[in-house]
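Novice: Provide a 3D model corresponding to the input given below.
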Amino acid sequence: MTKFVFVTGGVMSSLGKGLTASSLGRLLKSRGLRVTMCKLDPYINVDPGTMNPFEHGEVFVTEDGGETDLDLGHYERFIDEYLHKDSNATTGQIYSSVIAKERRGDYLGKTVQVIPHITDEIKERIRRLGRENIDVVIVEVGGTVGDIEIVPFLEAIRQFRRDIGRDNVCYLHLTLVPHSLPSGEQKTKPTQHSVTELRGRGIQPDVIVCRSHHPISANLKRKISLLCDVPTDAVVSAIDAENIYEIPLVLHAEGLDEIVCRILRLDNSDRLMDLSGWEALVERVRATSEVVRIGVIGKYVNLPDAYLSVVEALKHAGFHHGAKVEIDWVQAEEVTGMLALTRLDSLDGIVIPGGFGERGLEGKIAAAGYAREHAIPCLGLCLGLHMMVVEFARSVVGLQGANSRELAPTTPHPVIDLMDDQVDVEEKGATMRLGACLAQLEPGSQVAAIYGSEIVSERHRHRYEVNPRYRDRLIAAGLRCSGTSPDDRLVEFIELPGHPFWIGTQAHPEFKSRPDRPHPLFRALVGAALNRAHERTPRLYDLDNVPS
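Specialist: Numbers count the residues shown, from 1 in each chain. Next up is the predicted model:
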């Protein structure tokens with residue numbers, strides 16, 4: 001029977017519930033267990049797809065096109081399993097489903113209430129994940145205990161243990177043990193209050209994970225154990241780690257996976273325990289010596305979480321090359337004038353990430369042009385590809401005023417546009433390409449060499465495409481459309497022959513990168529950036545000598 005671990009948090013947000021849950025998932029998988037994960041989000045939005053990145057951070061996209069919370073990115077990177085739409089449930093989704101059932105008459109005229117109808121819907125969403133081929137489902141409850149928004153979720157997970165049996169559920173509570181500067185002591189009172197609040201909702205935690213700057217002493221563990229009614233060995237110290245990929249090893253040293261397996265009666269789960277690969281990864285991270293500077297030309301650089309998967313993919317590529325990737329956050333609106341361009345010249349590589357809206361686009365275009373002319377390795381992602389095409393159309397093809405119709409509806413040259421069969425469809429999302437899509441790569445192209453394959457699949461999240469009416473003119477001027485959809489209608493990849501690395505993709509390859517298996521495009525970008533760092537001699541890219 002599938003077992004379930006519910007992860008809750010207290011005291012304050014951003015303590016690291018997602019990373020703790022992900023790390024536990026990695027540890028259980030290392031024991032030979034089949035693991036999947038889920039996030040319950042208390043916000044009323046149906047999904048984060050229309051939320052401002054400053055409000056929510058990155059929107060993570062699953063293989064089947066789910067627009068989900070960024071924590072699912074951590075889940076996939078740690079447990080190395082593809083998740084799906086059902087792996088993220090929001091209050092908005094839950095209530096929408098219940099209301100739709102009520103309108104259809106599914107409740108036979110009964111009064112629809114939070115209990116049992118909302119809680120039953122939540123439990124059904126969780127239960128769906130417990131398929132026959134899954135041993136453990138780890139469910140993170142967003143928000144903190146005490147938030148009014150998460151009360152139905154807490155009630156649902158309280159009922160869940162009664163429904164499926166005590167030995168099939170484990171409650172893990174993450175809390176804060178702050179260090180008081182005046183007294184020089186670690187304080188347990190926030191943990192006590194948080195657990196009291198959770199118990200007030202009918203949930204007695206089985207494991208308490210204590211976040212702190214310094215290790216929790218044995219005496220402090222005994223105190224928390226006594227006051228919170230958990231075994232002493234179920235009080236786990238989770239101290240700050242140098243990098244997030246060390247967290248599974250920190251928690252394993254504290255015995256977290258063993259405790260959870262004991263609670264869930266997974267007594268034989270240590271037979272296949274093998275952390276050697278993860279330990280080798282952490283050693284590789286620690287051994288990084290070189291520094292490579294990558295500029296991220298973004299609109300939301302004041303909130304790095306808006307580009308979380310991009311940053312992690314760059315780090316993964318750095319691990320592969322034995323280099324530490326140093327991110328230089330460049331506000332797209334500020335990429336104007338010689339001072340800004342000189343700053344770009346000091347970079348070893350550039351990433352132009354995705355986004356929506358017209359703010360900062362001229363800066364992204366300028367950055368793409370500077371990278372093209374000065375042989376700076378540059379990777380454009382989704383909107384980044386669009387801006388690279390716009391720059392090339394203006395500067396090389398000579399199409400004055402070229403732009404994306406999404407951003408400049410009256411542009412005389414819409415080199416980026418909706419496809420003809422999309423123009424009359426205005427419903428949000430109806431014209432979006434979401435999730436995994438195949439691409440055919442040109443034999444002999446740079447991207448085909450990087451991937452080592454001529455058929456690839458990447459995740460998408462966009463509406464606008466390279467306009468096929470301009471494709472021949474772009475190619476004639478030297479741009480290579482090196483990857484297309486299988487029917488050849490849509491441009492998926494572009495590159496510039498003769499340039500060290502000037503590649504754009506319509507997709508979001510960052511979502512599929514793993515710490516021990518970096519995405520090929522990011523691996524190649526960082527490799528090209530290291531070459532530039534080694535040479536330290538700027539080279540102008542000569543358009544008159546473009547190889548055929």
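
Novice: Grab the CA positions of stretch 225-235 and hand them over as PDB.
Specialist: What follows is stretch 225-235 as a C-alpha-only set of coordinates in PDB (Å, rounded to 0.1, in the frame of the first residue of the first chain):
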ATOM      1  CA  SER A 225      10.900  16.100  22.600                       C
ATOM      2  CA  LEU A 226       9.400  16.500  26.000                       C
ATOM      3  CA  LEU A 227       7.300  19.600  25.300                       C
ATOM      4  CA  CYS A 228       6.100  18.600  21.800                       C
ATOM      5  CA  ASP A 229       5.600  14.900  22.600                       C
ATOM      6  CA  VAL A 230       7.800  13.300  19.900                       C
ATOM      7  CA  PRO A 231      10.700  10.800  20.400                       C
ATOM      8  CA  THR A 232      14.000  12.500  20.900                       C
ATOM      9  CA  ASP A 233      15.500  10.900  17.800                       C
ATOM     10  CA  ALA A 234      12.500  12.400  15.800                       C
ATOM     11  CA  VAL A 235      13.800  15.900  16.600                       C
END
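
Novice: Only the buried residues of it, if you could.
Specialist: Under the neighbour-count criterion of 16 or more other Cβ atoms under 10 Å, stretch 225-235 has 225, 228, 230, 234, 235 buried. From N, CA and C alone the C-beta is placed, and that goes for glycine too.

Novice: Tell me which of these fall in helices.
Specialist: 225, 228 (DSSP state H).

Novice: Which members of the buried residues of stretch 225-235 are the farthest-apart pair?
Specialist: Within the buried residues of stretch 225-235, two members stand farthest from each other by Cβ to Cβ: 228 and 234, at 9.4 Å.

Novice: Check residue 302 and give its pLDDT.
Specialist: On the pLDDT scale, residue 302 is placed at 86.

Novice: Any idea how many residues pack against residue 236?
Specialist: With neighbours defined by other Cβ atoms under 10 Å, the count for residue 236 comes to 24.

Novice: Could you report the distance from it to residue 5?
Specialist: According to Cβ to Cβ, to the nearest Å, residue 236 and residue 5 sit 13 Å apart.

Novice: again with residue 251
Specialist: To residue 5, residue 251 is 13 Å away according to Cβ to Cβ.

Novice: same deal with residue 235?
Specialist: 17 Å.

Novice: on that earlier part again, now the common contact residues for residue 228 and residue 234.
Specialist: Residues touching both residue 228 and residue 234 (Cβ atoms under 8 Å, 6 or more residues apart in numbering): residue 208.

Novice: quick one: low-confidence parts of this protein?
Specialist: Counting by pLDDT under 70, the chain contains low-confidence ranges at 268-271, 337-340, 420-431, 537-548.

Novice: can you tell me which helix in it is longest?
Specialist: Max-length helix for the chain by DSSP H is helix 520-535.

Novice: what are the C-alpha coordinates of stretch 400-409, in CSV please?
Specialist: This file holds the C-alpha atoms of stretch 400-409, laid out as CSV (Å, rounded to 0.1, in the frame of the first residue of the first chain):
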residue,chain,number,x,y,z
GLN,A,400,13.6,48.8,-39.6
GLY,A,401,11.0,48.6,-36.8
ALA,A,402,11.0,44.8,-36.7
ASN,A,403,9.4,43.5,-33.5
SER,A,404,7.1,41.0,-32.0
ARG,A,405,3.4,41.7,-32.6
GLU,A,406,2.8,40.6,-29.0
LEU,A,407,4.7,43.7,-27.8
ALA,A,408,4.3,46.1,-30.7
PRO,A,409,0.9,45.4,-32.4
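
Novice: For residue 124, pull up the helix or strand it's in.
Specialist: Assigned by DSSP states H and E, residue 124 belongs to helix 119-128.

Novice: Same check on residue 297?
Specialist: Going by DSSP H and E, residue 297 is part of strand 290-298.

Novice: okay, the angle between that strand and helix 520-535?
Specialist: Strand 290-298 runs at 120 degrees relative to helix 520-535, counting by axes from the mean of the first three to the mean of the last three Cα atoms, to 10 degrees.

Novice: by contact count, what packs against strand 290-298?
Specialist: helix 308-321, strand 323-331, strand 349-352, helix 361-373, helix 520-535 (3 or more Cβ pairs under 8 Å, 6 or more residues apart in numbering; DSSP states H and E).

Novice: got the buried residues for the second one?
Specialist: Neighbour counts over strand 323-331 (16+ other Cβ under 10 Å) mark 323, 325, 327, 328, 330 as buried.

Novice: can you list those residues in JSON lines and add distance to residue 300?
Specialist: Output for the buried residues of strand 323-331, formatted as JSON lines (distance: Cβ to Cβ, whole Å):
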{"residue": "323", "distance to residue 300": "26"}
{"residue": "325", "distance to residue 300": "19"}
{"residue": "327", "distance to residue 300": "13"}
{"residue": "328", "distance to residue 300": "15"}
{"residue": "330", "distance to residue 300": "12"}
